[in-house]
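> Turn this into a structure:
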Amino acid sequence: MTNRARADFLLLAGFCSFLFFYGLGQFGLIGADEPRYAQVAREMLERHDWITPVLGGEPWLEKPPLYYWQTVVAYKLFGVSDWAARLPSALDATFLVLAVYFFLRRFRPGSEVDGALISASCAGIIGYARAASMDMALAAAFSIGMLGWWVWRERGMRIYLAVFYGFMGLEMLAKGPVGPFLAFLVIALYATTVRDLRLILKTLWAPGIVLFCVIALPWYFAVQIRNPTFFHEFIVEHNLARFSKNLYHHTEPVWYYLPVTALALIPWTFFVIAALVQPVRSWWEKRELPEIRVTEFEYQFSIFASCWLIVPLIFFSISKSKLPGYILPALPAGALLLTGYLRQGLEPKGPQNESVSKSLAVLHGLLAAAPIIPALLIAYLLTQHRLPGGQPMLVALAVAFVLCAGISLTLVRKAGLRMLRFVTVIPVVLTVGTVLKLGAAPLDQKLSARPLSLEIAAMETRSLPLAVFHVQRELEYGLTFYRNRRTVNYDWEGILQGEHLLVAPENSQLDIARLLPGRHVSYLGHYAAQRIDYYWVGAAGTVPAQ
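Numbers count the residues shown, from 1 in each chain. From the prediction side, this is the model:
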């Protein structure tokens, strides 16, 4: 390994370690998906069952198993914990960054560090690298597969077409058929754009299809045999119906993914837009491309990356069900587009090509510096649900102004593009560090069930069943994971007949009394951060256990 390569690896290792791994367990699992997926993996581990995902002892067939398999291995190695549940996503994000690095180092040398750091520092990548979910596994497998397809397209090496099919098979195990279908749409749009429809047929390579089937299909056959409802529940309901109907109440306007994608690409959004406009404008103005231009693969790669970025945005905008994580597979395309844009700007054609226009420099500086404001004020946002005035706001604005001015003034200099990577990752690192330092405790208190679970456990002398009433799914699934016992929901499953604990919103005593006539209910405590009360519930005439 050369000194240059060693320095690159140390740099990427440091950034990935901090951005993806550092502080994974500083706050508990949040939302409904994180604790639910983490608990499914735990139950698969406890049952020694690698086929059927299980939640509360019942099959949970909404998602394929790749994340669960990864998490089972993490649990085996490090024990069951919230940070171990997030570890697979952090590893998948690292694999994605390394894939971008090696692709650029081998086929676009000189830009590999830029591309890898741009990919690693996108807000969407950082956020989902720290989440116990399937989205990062999908994005990594899809992106590595698409890079493999492009290398086959450019160099004609079948081994990379095998890489494409192999990672599409892994994607089928990560999130289902959405990945291969998106890949087909991207390739079809690219082939249409460059007027080479034969590419679609050439991609249909029999050994690759066999490899895809060998990787993807055994689990699908096995789970269908064990669970005859799997095909209908997973394919029909959670893929086809989720796309065509608002079955799970995730409706959003058709333009939803425009701001979501812009936010996910922070701090690089304006540069990515500039990088996207360039090849699209060139293609539109010169649709009758000269032969020499058609054979320029670097130009064609920018067209391919544009298709890769645009297709998921359009596809999921059409979907009736919309969630932010769906757009994650498009983000590496934006990073690669920007990397190519920087390569062109840094070509030795005179120092003037290395500067950035004042308007773009200021916009980029504003966007790169802006996240430090909510990061510094995150405790106020979580506890008071508003931005404060006075000194805290002035301090946050002053820090953001200094960062914005420094970035903008650096970029308008002659060597501005060469400094883009360095000056942009500084606010990214500061923002992530600030969120972990100032936001971990309030995030844990306000959004996770971990503190409440610990509080209930501290006052228990024996483990009792737990029920919830009129609480959000996030709290229900979180309590299930942290107590490692099924939580009964009064609203859906009826009332527990035996002695148990009950968690409900504050001031619910009258509702509970009407719901439990003749039962003895004792107030045990109040969790102020989430406005939750918890009770002991027994049969009539009983007293709380001491």
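> Correct me if wrong: residue 132 contacts residue 32.
No - applying Cβ atoms under 8 Å as the test, residue 132 and residue 32 come out as separate, 11.3 Å apart. Where C-beta positions appear, they are placed from N, C-alpha and C, glycine not excepted.
> between the two, who's got more neighbours?
Set residue 132 next to residue 32 and count neighbours by other Cβ atoms under 10 Å: residue 132 wins out with 28 against 15.
> ok, that one - contacts?
By Cβ atoms under 8 Å, 6 or more residues apart in numbering, the residues touching residue 132 are 29, 33-35, 37-38, 67, 71, 82, 85-86, 88-89.
> Apply 6 Å and report the result again.
34, 37-38, 85-86 (Cβ atoms under 6 Å, 6 or more residues apart in numbering).
> in a strand, that's where it is, yeah?
No - going by DSSP: H, G, I helix; E, B strand; the rest coil, the assignment for residue 132 is coil, not a strand.
> okay, which residue is most central for the protein?
residue 128 (2.7 Å; Cα atoms, centre = their mean).
> Now name the helix or strand holding it.
Using DSSP states H and E, the element containing residue 128 is helix 123-129.
> Show me the strands in this protein, by range?
Using DSSP state E, the strands of the chain run over residues 54-55, 58-59, 466-468, 487-489, 500-505, 520-527, 532-538.
> which of these is buried the deepest?
Ranked by average neighbour count under the criterion mean count of other Cβ atoms under 10 Å, the strands of the chain are headed by strand 466-468 at a mean of 23.
> just for this structure, where's the confidence low?
Residue ranges of the chain with pLDDT under 70: 1, 241-250, 283-295, 347-355, 540-546.
> In CSV: the strands of the chain, plus distance to residue 226.
Below are those laid out as CSV (distance: least, Cβ to Cβ, whole Å):
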stretch, distance to residue 226
strand 54-55, 11
strand 58-59, 8
strand 466-468, 29
strand 487-489, 25
strand 500-505, 32
strand 520-527, 40
strand 532-538, 37
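> how about these, which one is nearest residue 410?
Of all the strands of the chain, strand 520-527 sits nearest to residue 410, with 47.3 Å by Cβ to Cβ.
> which strands and helices sit next to the closest one?
Other elements packing on strand 520-527 under the criterion 3 or more Cβ pairs under 6 Å, 6 or more residues apart in numbering; DSSP states H and E are strand 532-538.
> Tell me which strands the strand it packs on pairs with, and in which orientation.
Take DSSP bridges as the rule and strand 532-538 pairs in its sheet with strand 500-505 (antiparallel), strand 520-527 (antiparallel).
> Let's see the last one as PDB, backbone CA atoms only.
Below are the C-alpha coordinates for strand 520-527, written out as PDB (Å, rounded to 0.1, in the frame of the first residue of the first chain):
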ATOM      1  CA  HIS A 520     -57.900  -1.900  41.600                       C
ATOM      2  CA  VAL A 521     -55.700   0.700  40.000                       C
ATOM      3  CA  SER A 522     -52.800   2.400  41.900                       C
ATOM      4  CA  TYR A 523     -50.900   5.300  40.600                       C
ATOM      5  CA  LEU A 524     -47.100   4.600  40.700                       C
ATOM      6  CA  GLY A 525     -45.300   7.500  39.000                       C
ATOM      7  CA  HIS A 526     -45.100  10.200  36.400                       C
ATOM      8  CA  TYR A 527     -42.500  10.500  33.600                       C
END
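> Off-centre distance for it?
Relative to the centre of its chain, strand 520-527 is centred 38 Å away, using Cα atoms, centre = their mean, to the nearest Å.
> quick one: the residue nearest to residue 429 when sequence neighbours are not counted from residue 322, how far?
The shortest distance from residue 429 to any non-neighbouring residue, by Cβ to Cβ, 6 or more residues apart in numbering, is to residue 18 (6.7 Å). The gap separating residue 18 from residue 322 is 31 Å, by Cβ to Cβ, to the nearest Å.
> OK, contacts around residue 23?
Per Cβ under 6 Å, 6+ apart, neighbours of residue 23: residue 436.
> Return the set of buried residues in stretch 139-156.
Of all the residues in stretch 139-156, those buried under the rule 16 or more other Cβ atoms under 10 Å are 139-153.
> The stretch 251-400 of the chain: helices as residue ranges?
Remark: helices assigned in the stretch 251-400 of the chain by DSSP state H, counting those that start in this stretch are 257-264, 269-285, 291-294, 297-318, 331-345, 358-369, 372-376, 378-384, 390-411.
> Can I get the first one in PDB? Just the C-alpha atoms.
Provided in PDB are the C-alpha atoms of helix 257-264 (Å, rounded to 0.1, in the frame of the first residue of the first chain):
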ATOM      1  CA  TYR A 257     -39.300  14.400  -2.200                       C
ATOM      2  CA  LEU A 258     -38.000  17.600  -3.700                       C
ATOM      3  CA  PRO A 259     -37.400  19.200  -0.200                       C
ATOM      4  CA  VAL A 260     -36.500  15.800   1.300                       C
ATOM      5  CA  THR A 261     -33.800  15.200  -1.300                       C
ATOM      6  CA  ALA A 262     -32.500  18.700  -0.900                       C
ATOM      7  CA  LEU A 263     -32.300  18.300   2.900                       C
ATOM      8  CA  ALA A 264     -30.700  14.800   2.600                       C
END
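> Any idea which of the strands paired with strand 532-538 gets closest to residue 379?
Closest to residue 379 of these, according to Cβ to Cβ: strand 520-527, at 18.1 Å.
> Please identify the longest helix in this protein, counting by residues.
helix 82-107 (DSSP state H).
> how big is the angle separating that one from helix 297-318?
Orientation of helix 82-107 against helix 297-318 (axes from the mean of the first three to the mean of the last three Cα atoms, to 10 degrees) gives an angle of 150 degrees.
> tell me the angle of helix 82-107 relative to helix 331-345?
Between helix 82-107 and helix 331-345, the angle comes out at 40 degrees (the same axes, to 10 degrees).
> No more questions from me, cheers.
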